[in-house]
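**Q** sequence first, predicted coordinates after that:
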Amino acid sequence: MKIFGQHDEQTVQQFQRVRAHAVDAALMADGHVGYVMPIGGVAAYHNQVSVVGVGFDIACGNAAIRTDLKLDALGRSPEKIRATLSDIADQVADTVSFGVGRKNRANDAPVGHALFDDPAWSAIPPKHRDALATKAREQLGTVGSGNHYVDVFVDESGDVWVGVHFGSRGFGHTIASAFLAIGQGKSWGERVPEREVLLDVSAPTGHDYWNLMNLAGQYAYAGREWVARKVVSMLGASEIELVHNHHNFAWRETHNGDDVIVVRKGATPAFPRQKGFIGGSMGDDAVIVQGTPADDASTVVRDAQRESLYSTVHGAGRVMSRTQAAGKRNRKTGEIISPGRVTPEMMKEWVDGKGVILRGGGLDESPHAYRRLPDVLAAQEGTVEILHTLKPVIVVMAGANEFDPYKD
């Protein structure tokens, strides 16, 4: 068992309960309390997969595209560049759909993708199959709310990048909820408490979940790549490089000679030389990293990599809950029931100070609610190397009052 960084007692206790049923486990430095398994948790099992470990937002992850565009190509002066970026931010907000459904002007989402013909669909009960397929088609290419985003960045060389963060939307949420119920002896569609459910992947129920989890992975990849490439086209740019990872998922892997299933909940795979895109917050830099190559790693680093189950952080990690940051409001009237610790003025000062053009975003996503990414990366003990530092110039998120039940 390996714990990177410092964590509150509740997070550590939650992690230890998960570890008790796993072959091995690790907690990343951005960890915080989640449903049963902490965000930032990694756990290995023999032939089992944890439904609540993978989570409700199956295959949530990050994709980043490096383009052939230089920032200075957007204008002859800083003022002109900012005006161009502002126009692009408006175009992204007007074209890409945030929240539940596809309601904006992007009508070319890949709803005819081959994933809709995958045999895994047969694992869904016939009476639910058509409705779930319809929901999946309607939401493919939508970003959602919460901490999900579309960003435009510039790196240390002036190259422009596009980054996105979201998962399998209502499709993955339905699969997770259904198998959480089935694993507790209930039926597809019944509501049950969030409890640890370990499914044997060689048994029929576990086999079906595994195949549908992987189908949700295909779905998330298709949605992220379509949105990211849509924004690249808005920039009038071409794609040079794609870095793409799930961070809520399970994989078959071999660790210390042992064949296991590794569940990462809010953790990025980071095998030597494997690249990953890790976001900070709406007012902080993001990074492109790679797992430290074995040839460059000391014995201490190689040991830490093995203990991490070749994983790293997926973001900066929260230090305030959404309610602590934004307060509590009446959902119907918008009336403030109790104020939060972050004010609109605080968030605006931070984001403006970083030169970020923000569209949407609520106080619950303010940089004040997060750790600082350099700190959590440093706590990973040299297990990853930073290849590029990405400064955000555009951040587009759902509005503060956008309701979305699939934002985990």
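**A** Here it is on my side, so go on.
**Q** show me what the lengthiest strand in the chain is packed up against.
**A** As assigned by DSSP state E, the longest strand anywhere in the chain is strand 384-397. Identification of packing neighbours for strand 384-397 by 3 or more CB pairs under 8 Å, 6 or more residues apart in numbering; DSSP states H and E yields helix 78-95, strand 149-154, strand 159-166, strand 286-291, strand 357-359. Just so you know, the C-beta spots here come from the backbone N, C-alpha and C atoms, and that holds for glycine as well.
**Q** looking at the ones you listed, which is closest to residue 216?
**A** strand 159-166 (12.3 Å; CB to CB).
**Q** buried ones in the longest strand of the chain, by neighbour count?
**A** Neighbour counts over strand 384-397 (16 or more other CB atoms under 10 Å) mark 384, 385, 388, 389, 390, 391, 392, 393, 394, 395, 396, 397 as buried.
**Q** any figure for the gap between the most centrally placed residue in the chain and residue 246?
**A** Central residue of the chain (CA atoms, centre = their mean): residue 61, 3.6 Å from the mean position. The spacing between residue 61 and residue 246, counted by CB to CB, to the nearest Å, is 4 Å.
**Q** now do the shared contacts for the two.
**A** 220, 221 (CB atoms under 8 Å, 6 or more residues apart in numbering).
**Q** helix, strand or coil for residue 36?
**A** Of the three states, residue 36 takes coil according to DSSP: H, G, I helix; E, B strand; the rest coil.
**Q** nearest spatial neighbour of it, skipping sequence neighbours?
**A** residue 52 (4.5 Å; CB to CB, 6 or more residues apart in numbering).
**Q** what's the helix or strand for that neighbour?
**A** For residue 52, the enclosing helix or strand under DSSP states H and E is helix 51-54.
**Q** the residue nearest to residue 36 and residue 194 touch, don't they?
**A** Yes. Using CB atoms under 8 Å, residue 52 is in contact with residue 194, at 5.8 Å.
**Q** go ahead and confirm residue 281 touches residue 365.
**A** Yes. Residue 281 is within contact range of residue 365, at 7.1 Å (criterion: CB under 8 Å).
**Q** what about stretch 249-265, distance to the chain center?
**A** Its chain's average C-alpha position is 19 Å from that of stretch 249-265, according to CA atoms, centre = their mean, to the nearest Å.
**Q** list the contacts of it.
**A** 23-24, 34, 37-50, 53-55, 58-59, 61, 201, 210, 213, 217, 246-248, 269, 306, 309-311.
**Q** now with 7 Å?
**A** By CB atoms under 7 Å, 6 or more residues apart in numbering, the surrounding residues in contact with stretch 249-265 are 23-24, 34, 37, 39, 41-50, 53-55, 59, 201, 213, 217, 247-248, 309, 311.
**Q** buried ones in it?
**A** In stretch 249-265, counting by 16+ other CB under 10 Å, buried: 249, 250, 260, 261, 262, 263, 264, 265.
**Q** try stretch 34-52
**A** Applying 16+ other CB under 10 Å to stretch 34-52 flags 34-45, 48-52 as buried.
**Q** separation between residue 283 and residue 200?
**A** Counting by CB to CB, the gap from residue 283 to residue 200 is 45 Å.
**Q** of these two, who's got more company?
**A** Applying other CB atoms under 10 Å to residue 283 and residue 200 shows that residue 283 carries more neighbours, namely 24 against 14.
**Q** contacts only, for the more buried one.
**A** Listed by CB under 7 Å, 6+ apart, the contact partners of residue 283 are 350, 351, 354, 356, 367.
**Q** need these in JSON lines (columns: pLDDT, secondary structure and neighbour count).
**A** Below are the contacts of residue 283 laid out as JSON lines (pLDDT from 0 to 100; DSSP: H, G, I helix; E, B strand; the rest coil; neighbours: other CB atoms under 10 Å):
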{"residue": "350", "pLDDT": "93", "secondary structure": "helix", "neighbour count": "18"}
{"residue": "351", "pLDDT": "94", "secondary structure": "helix", "neighbour count": "21"}
{"residue": "354", "pLDDT": "95", "secondary structure": "coil", "neighbour count": "18"}
{"residue": "356", "pLDDT": "96", "secondary structure": "coil", "neighbour count": "22"}
{"residue": "367", "pLDDT": "92", "secondary structure": "helix", "neighbour count": "21"}
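**Q** for those, work out which two are farthest apart.
**A** 356 and 367 (9.7 Å).
**Q** could you give me the average pLDDT of the helix or strand just after the helix holding residue 52?
**A** Per DSSP H and E, the first helix or strand lying C-terminal to helix 51-54 is strand 61-70. Strand 61-70 carries an average pLDDT of 98.
**Q** gap between strand 61-70 and the chain center?
**A** Averaging C-alpha positions (CA atoms, centre = their mean) puts strand 61-70 16 Å from its chain's average.
**Q** same for that strand, what does it pack against?
**A** strand 159-166, helix 204-234, strand 239-246, strand 275-278 (3 or more CB pairs under 7 Å, 6 or more residues apart in numbering; DSSP states H and E).
**Q** give the partner strands of that strand in its sheet and their orientations.
**A** Strands that pair with strand 61-70, judged by DSSP bridges, come out as strand 159-166 (antiparallel), strand 239-246 (antiparallel).
**Q** so can I have CSV of those showing mean neighbour count, mean pLDDT and distance to residue 182?
**A** Formatted as CSV, the strands paired with strand 61-70 follow (neighbours: other CB atoms under 10 Å; pLDDT from 0 to 100; distance: least, CB to CB, whole Å):
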stretch, mean neighbour count, mean pLDDT, distance to residue 182
strand 159-166, 26, 97, 26
strand 239-246, 18, 98, 23
